[in-house]
Each structure stands twice: as C-alpha cells, then as structure tokens.
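Chemist: sequence and predicted structure, then a few things I'm wondering about:
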Amino acid sequence: MTDVSLIRNFSIIAHVDHGKSTLADRLLELTQTVDRRQMKEQLLDDMELERERGITIKARSVAMRYKAQDGKTYLFNLIDTPGHVDFNYEVLKSLQACEGAMLLVDASQGVEAQTVVNAVLAEQAKLTVIPVLNKIDLPHARPDEVAAEVEDAICLPAEDAIAVSAKTGVNCELLLEAIVKQIPPPTGDPAAKLQALIFDAIYDDYRGVVIYMRVREGTIKVGEEIRMLATGKSYEVTEVGRLAPRMVPEKLLHAGEVGYLVANIKTLGDVKVGDTLTHEKESLRAIAVPGFKDAKPMVFCGFYPTNSGDFDDLRKSLEKMRLNDSSFSFEPETSDALGFGFRCGFLGLLHMEIIQQRLEREEDMDLVQTAPNVTYRLQLTNGETMTVRSPSEMPDPVRIAAYMEPIVEVRIVVPTESIGAVMKLATDRRGIYEKTEYYGSQRVMISFAMPFSEIIFDFHDRLKSATRGFGTMDYEVRDYEEADLVKVRIMVSGEDVDALSFLCHRSVADNRGRKILTKLRKEIPRHMFEVALQAAVGGKIIARENIRALAKNVTAKCYGGDITRKRKLLEKQKKGKKRMKQVGNVEIPQAAFLSVLSSGDEG
C-alpha cells in the first residue's frame, strides 16, 4: 500500500499542438513505465482519429513510479488532457481529480487563447500550477519573451518556469523533481468511509462498463458491494487496478489514488460521470463529492440512419458515445424529409465532427447528418419563454413576440500586424469590440461580443486565413440578447425540406438563401423533370434556382419535313415530363444537407 504522502496527482494542460502528448511520452520513458520496445509516439493517444489528426480528444490517465533524488519512490498519476476549446469539459473533469497541473506553453508560439482559459480553470480548481516552456530546441524559440507573456497574460510568476524540449528530452528530469517538490500530496484517510469520484468511463464488450475514478477517502477492494449515489445502483466489485497505461489489477485502491473499477455493469445508464461511489452498507456510506456541472451543449444537429432499420443500432451507439463523453447529448426526433433520427447536442463544431467520425468508424454506422445550428430562445405573445434547438420546432410566427440569440465572448490572440484583418472579420460577423490586451510587443488578445451563430460555421477557418495561421481563438457563452431573426425555409419542387431550413439575421437572409440555393443546385443531381429550388421567409420567396431536366433529343430521328412534326414530338415529351414531375420524388444527397455549412461569405 502506497503512503498517501508519496502520491502526486497532476495533469498537463496547454493549447492544442503545444506538445502535451509528447511530454507525456518523455515522462513515461524517464519513469520506465513502458518498455522501450512498446514505446511509440503519442502513446496515450490510442484512438485512431487522435493519431490521424494529431490532436488529443479524450483525457487519458496513467500511473508511473519515480525514484526521486531524496531516495523515496513516488507514485505519479498523470492525466493527459485535450487542448481544443471543444473538449474543455474533458479538461474540467481531469482537473477535479488532481492537486496540480503543468501549464505547457510553446516557446516559439507563446501564450495562446486556450492557454489562458486552461490556466483560469486550474486556478478555479485551486490547483498548484507549474509553468513549463516547451520546444526550446526550435531555432526560433524565444523562452524569455514567452515567460514574460505568461506573467502578463496569466499573472503566474514565470521566472522559475522550466524550459524543456519534450521531443529531445532536454531538462525533462527537472520536471519530475518539480512535481515531487511543488505539487502537494492528496488529502484523504484510507481508513475513512469510501468516497470515490467517477471522472470517466468506457464500455468493454466483454466486461461491461469500466469506471475510471479518483478515490477521495477510504479504501475499495475486490468483492465489496458498492453503490452509486446519483443513480442508486449497487454492484459487486470484480476488479480494481491502475492504468499503467494498460490495466494492471491490484488488490485494493485507497484514498488519493486514481484507477479503474470493473463490476459487471451492463446497463450504460447506471453509470453517470461525476457521480460518487461508496459502500452499499448504509452505516459505511459517505456523502457525495461535489461533482462537475453538466456541460450544456451549444451546437445541435440531426443524425439519421441511412437505412431506417438501423434506428435501434444508432441509439445503442449513441449511448456508448455518451458514456465515454458526457458533454454529448441526444434525443429522438422525426423529420418529414429524413424519417426517424436523433437531435444531438455538442460543445462545438469539431466535437460534432469527431462524434460523427467515431460513429462511422468505431460503430460502423451509415449516417445522414443535417447542418448544425445553435439554441435560440423565443419570447411568446402569451408571456412564456421557449427554447428552440431546430428550425422545425419553431411555432407559428404570429405567436412570437421576440427572438433571442446566444451571445459569446470571443477572445482572439494574434500577432500585432494582424489586428486590422481580425477587426474587419469580427465586425463583418456582427461582432462588437470590447477590449485589447497586449502580451509583450508581439502579441495581442482582442475580445469581442458576437452572436454564437456567426462563429460556429467557418469563423475559425477564416481567422486562420486572415492571420496566416497565427490566430487562435476561444469563446465563452455569455447570455441571450434580442435580435431581428427570421426563419428561412428551403423548398425543393414546392415541398418544404425541414432539414435544410435555418434561422438567421434578417439583414443576411436574402444573401444566405441565394448562396444555399446555388450550392444545392450543384449538389442535387439532375432528374428527368425540372426541379425548382426556392428560399422563402414567411410567405415571400426571396430566391429561386432551377435544376434543368435531363433532355433526350426526341427530334433526332426527324429528318427534313415541316417544323410542325418536330414541334409535335417536343410537345409530347413536355406532357410526359409534366406527368413525371407530379409523381416523381427529388433525391437529395447527404452533401446537400451540409451545403448550409459553407454558405458563409465567400472571399
């Protein structure tokens, strides 16, 4: 049994692509946790998508043993975290299970938007933060200037910041000693009543739900009856252990330790991330640990199975996703155009894309996905407030007194020469300038209040283009404000297609409607009859495009003779096409439903 005073629980937090996973690799090597022959780059990023994209999606936990210079052997529990703003909830969960955090900053790029946000999260969780400057081996690294940026932006004394190169391993041993000396050991009594926080869970086809937990108080052993306080479910523990990084069974886990638990849990709904585990006996039960607030999804889109018979399989797959990613939510819905499916909620656009790709790859699902939209609030004429997550939920416009849209605070960190381009980009998207903060002489953080709907589509891509790849952004949802919004209905051959309708500001409705119809005209294949595409606001048509019919030259066999013979054949063809149009259905491909996505201003 490891003495509590020799345990250190910490996580690595940083902006995306600042080298968290590479640093975790070096620590695993230095502590000899993984054999050299099993070692590979970004070892903790074991998901196919993570390795392919070079980003961390899931927080991963790993236990390491380190013999320090004072001669004692310490147990380190490292939780590697994602860096992208869409996975902020993963970072929040990880910090709940730690006493300290290493704030990693790229010595060539400096402080970025997410660096500031993660530092604030660590501060709110009352963690000890160790500033670390990474990538000092790069020729354009500027560790002294970046240390000054850390002090300016985060108010963290950076004169003792440890300069390392995670790639080459320079100074990484200093980090291990800093963890021992600066991060406090966990508090907790192994003899107290059991109290363990569930911070993650995965589903195994053979063992059921595997729970990842941080034991706050008491001890947990194989064979004991445990109870989950939020769901009220009881199970017998069949295995406990540590992740090193693969599962290593142990006889018990005690206060201060991080590990996993298996208890033959087959029902996914019985496990809730943020719940507390304790003993089943009432006399031994502890109170619940303050968990983490449920993440509120801000971007919604519909997932529909291509084959309607796969509806139940899709539900099971989504339940697995929710177990592993509690910031994702879903509920059943129906669409006139697409049949039965689910309205899913995400924290952002990348989060949505990752879930969709995981469903297609890991669960082998064939999906049709509708364009994403944000949550709106409506003030109704009878005084009630209604929340709308899809244009199809909109009531009759006569009942709506006012539209309210979500406003976010957007923080953009850019080099000083890109200020003008960023100002133009933000004001074009109805952004209201708030403040500017300088980090040294090279970088600046500009804050804007903007409608959330203006940033969820392609704002990030345009920011990267405008700043030659140097701009980074982060956002925080603030409140709802009244706006002049309209619902734009898209009609194909006179029929409303609810999955293509969208809400937008009245000033851009005509422009957006025209652009979407132009895109749809390219995406929808030609039929044997002419297809009319229309965009309408209320009863007024604001744009129209036609998809020409596939034509067969029926007059080819008509040589010479009077023109009336040809006209007769053409009239006959026209009648046939008219009849075909009355009975024919227009096939709309998946790409058409996503054409709403890229309908932002071109240029």
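Modeler: The structure has been received and is ready for your questions. Numbers count the residues shown, from 1 in each chain.

Chemist: tell me which element the spatially most central residue of the chain falls in.
Modeler: Note on the chain: the residue nearest the mean C-alpha position is His351, at 2.6 Å, using Cα atoms, centre = their mean. Per DSSP states H and E, His351 falls inside helix 349-362.

Chemist: now that helix: buried residues?
Modeler: Leu349, Leu350, His351, Met352, Glu353, Ile354, Ile355, Gln356, Arg358, Leu359 (16 or more other Cβ atoms under 10 Å). Heads up, the C-betas are built off the backbone N, CA and C, glycines and all.

Chemist: let's have those residues in JSON lines, adding distance to Glu545 and pLDDT.
Modeler: Conversion of those to JSON lines gives the following (distance: Cβ to Cβ, whole Å; pLDDT from 0 to 100):
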{"residue": "Leu349", "distance to Glu545": "27", "pLDDT": "76"}
{"residue": "Leu350", "distance to Glu545": "31", "pLDDT": "77"}
{"residue": "His351", "distance to Glu545": "33", "pLDDT": "81"}
{"residue": "Met352", "distance to Glu545": "28", "pLDDT": "83"}
{"residue": "Glu353", "distance to Glu545": "28", "pLDDT": "81"}
{"residue": "Ile354", "distance to Glu545": "33", "pLDDT": "82"}
{"residue": "Ile355", "distance to Glu545": "32", "pLDDT": "86"}
{"residue": "Gln356", "distance to Glu545": "28", "pLDDT": "85"}
{"residue": "Arg358", "distance to Glu545": "35", "pLDDT": "84"}
{"residue": "Leu359", "distance to Glu545": "32", "pLDDT": "86"}
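
Chemist: and of the residues you listed, the nearest to Ala483?
Modeler: Ala483 lies nearest to Leu349 out of the buried residues of helix 349-362, by Cβ to Cβ, at 20.9 Å.

Chemist: now that closest one. Nearest residue, chain neighbours left out?
Modeler: What sits nearest to Leu349 in space, not counting adjacent residues and going by Cβ to Cβ, 6 or more residues apart in numbering, is Ile456, at 5.6 Å.

Chemist: how far away is the one you found from Met423?
Modeler: 21 Å (Cβ to Cβ, to the nearest Å).

Chemist: give me the three-state assignment for the closest residue to Val273 other than its chain neighbours.
Modeler: Setting aside the residues directly before and after it, Val273 is nearest to Ser326 in space (Cβ to Cβ, 6+ apart), at 4.1 Å. In three-state terms, and counting by DSSP: H, G, I helix; E, B strand; the rest coil, Ser326 is coil.

Chemist: low-scoring pLDDT stretches of the stretch 301-450 of the chain, where are they?
Modeler: Across the stretch 301-450 of the chain, the ranges flagged by pLDDT under 70 are 337, 440.

Chemist: what are the ranges of the helices in it?
Modeler: Secondary structure of the stretch 301-450 of the chain (DSSP state H, counting those that start in this stretch): helices at 311-324, 349-362, 419-428.

Chemist: how about stretch 61-72 as CSV, C-alpha atoms only?
Modeler: Only the C-alpha atoms of stretch 61-72 are listed here, as CSV (Å, rounded to 0.1, in the frame of the first residue of the first chain):
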residue,chain,number,x,y,z
SER,A,61,-4.9,8.5,-17.1
VAL,A,62,-1.6,6.7,-16.4
ALA,A,63,0.2,5.7,-13.2
MET,A,64,4.0,6.0,-13.0
ARG,A,65,6.6,5.2,-10.3
TYR,A,66,9.5,7.6,-9.9
LYS,A,67,12.6,7.3,-7.6
ALA,A,68,13.4,10.9,-6.6
GLN,A,69,16.7,12.4,-5.6
ASP,A,70,15.6,12.1,-1.9
GLY,A,71,15.7,8.3,-2.3
LYS,A,72,12.0,7.8,-2.0
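
Chemist: and for Lys568, the neighbour number?
Modeler: 13 (other Cβ atoms under 10 Å).

Chemist: quick one: which of the helices of the stretch 301-450 of the chain is nearest Lys540?
Modeler: The nearest among the helices of the stretch 301-450 of the chain, by Cβ to Cβ, is helix 419-428 at 25.7 Å.

Chemist: so what's the gap between that closest one and the chain middle?
Modeler: Relative to the centre of its chain, helix 419-428 is centred 26 Å away, using Cα atoms, centre = their mean, to the nearest Å.
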